[in-house]
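Enquirer: got a predicted model here, sequence first, then my questions.
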Amino acid sequence: MASLDRVKVLVLGDSGVGKSSLVHLLCQNQVLGNPSWTVGCSVDVRVQDYKEGTPEEKTYYIELWDVGGSVGSASSVKSTRAVFYNSVNGVIVSNGDYDREQFAENPVPLLLIGTKFDQIPENKRSEVLTRTAFLSEDFNAEEINLDCTNPRYLAAGTSNAVKLSRFFDKVIEKRYFTRDPSQMTGFTDRKRFNFKSLHYD
């Protein structure tokens, strides 16, 4: 079998928001039974059929880089994370911090994912969904809200599965098919835009 082309997608967010569970669900299509803290970075691979069902269909590897969240002193976290930020083709932000300036200067496809939708009280869900909708519009990104302990949120044919596939196709398109692929070659932590407003009280 010929080797497949690949793209690199960072999965960013604060510690404990469910990045590892999300990556496991995306790549293995199963719930992660006993998630633990990610130290440094963990990489898993998903197979994506670009433009599935069309004459242009082609299979790619999506490398999902689960970068450990904010644990420890701010300076050590910044320097530790920065080594993973080179040659990025897309970013998934999971209810964590987002540096607007980094991505404004280095435009890559962006997807916002709320990973603990089941833990939001019923009376707060509408408010949280409204805030994430405004953020996704502001950043020209799609948003998905799901429960990483239930694979049905990403079942084939659901709106979440369609959004996810569209995001990965956009990442592949930008990397391999745009005339001037301005992929992110690297960035450093600077002023941060806080996504903590996505969390419920």
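Expert: Cool, the structure landed.
Enquirer: distance of Asn29 from Asp147?
Expert: 15 Å (CB to CB, to the nearest Å). C-beta coordinates here come from the backbone N, C-alpha and C atoms, glycine included.
Enquirer: with Asp66 instead?
Expert: Distance from Asp66 to Asp147, counting by CB to CB: 18 Å.
Enquirer: and Arg6, by the same measure?
Expert: With distances defined as CB to CB, the gap from Arg6 to Asp147 amounts to 29 Å.
Enquirer: compare neighbour counts for these two and give me the winner.
Expert: Neighbour totals were compared for Arg6 and Asp147, and Asp147 leads with 19 against 14 (other CB atoms under 10 Å).
Enquirer: contacts only, for the more buried one.
Expert: Residues near Asp147 by CB atoms under 8 Å, 6 or more residues apart in numbering: 115-119, 153.
Enquirer: neighbours around the residue lying closest to it once chain neighbours are set aside, how many?
Expert: Residue nearest to Asp147 in three dimensions, not counting chain neighbours: Asp118, with 3.8 Å by CB to CB, 6 or more residues apart in numbering. Counted by other CB under 10 Å, the residues lying close to Asp118 total 12.
Enquirer: list the contacts of Asp118.
Expert: Contacts for Asp118 were tallied using CB under 8 Å, 6+ apart; they are 147, 149-150.
Enquirer: do a quick rundown of the helices in the protein.
Expert: According to DSSP state H, the chain carries its helices in the segments 19-28, 74-82, 100-105, 122-138, 159-176.
Enquirer: of these, which is nearest Gln48?
Expert: When the helices of the chain are compared by CB to CB, helix 159-176 sits nearest Gln48, at 4.7 Å.
Enquirer: alpha carbons of the closest one, as CSV, please.
Expert: Only the C-alpha atoms of helix 159-176 are listed here, as CSV (Å, rounded to 0.1, in the frame of the first residue of the first chain):
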residue,chain,number,x,y,z
SER,A,159,-24.4,17.5,12.1
ASN,A,160,-21.3,17.1,14.3
ALA,A,161,-19.9,14.4,12.0
VAL,A,162,-20.5,16.6,8.9
LYS,A,163,-18.9,19.7,10.6
LEU,A,164,-15.9,17.6,11.6
SER,A,165,-15.5,16.1,8.1
ARG,A,166,-15.8,19.6,6.6
PHE,A,167,-13.1,20.9,8.9
PHE,A,168,-10.7,18.1,8.1
ASP,A,169,-11.4,18.6,4.3
LYS,A,170,-10.6,22.3,4.8
VAL,A,171,-7.3,21.5,6.5
ILE,A,172,-6.3,19.2,3.7
GLU,A,173,-7.4,21.6,1.0
LYS,A,174,-5.4,24.5,2.5
ARG,A,175,-2.3,22.3,2.9
TYR,A,176,-2.4,20.5,-0.5
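Enquirer: going forward, count from 52.
Expert: Fine by me, first position is 52 from now on; the one you just mentioned is helix 210-227.
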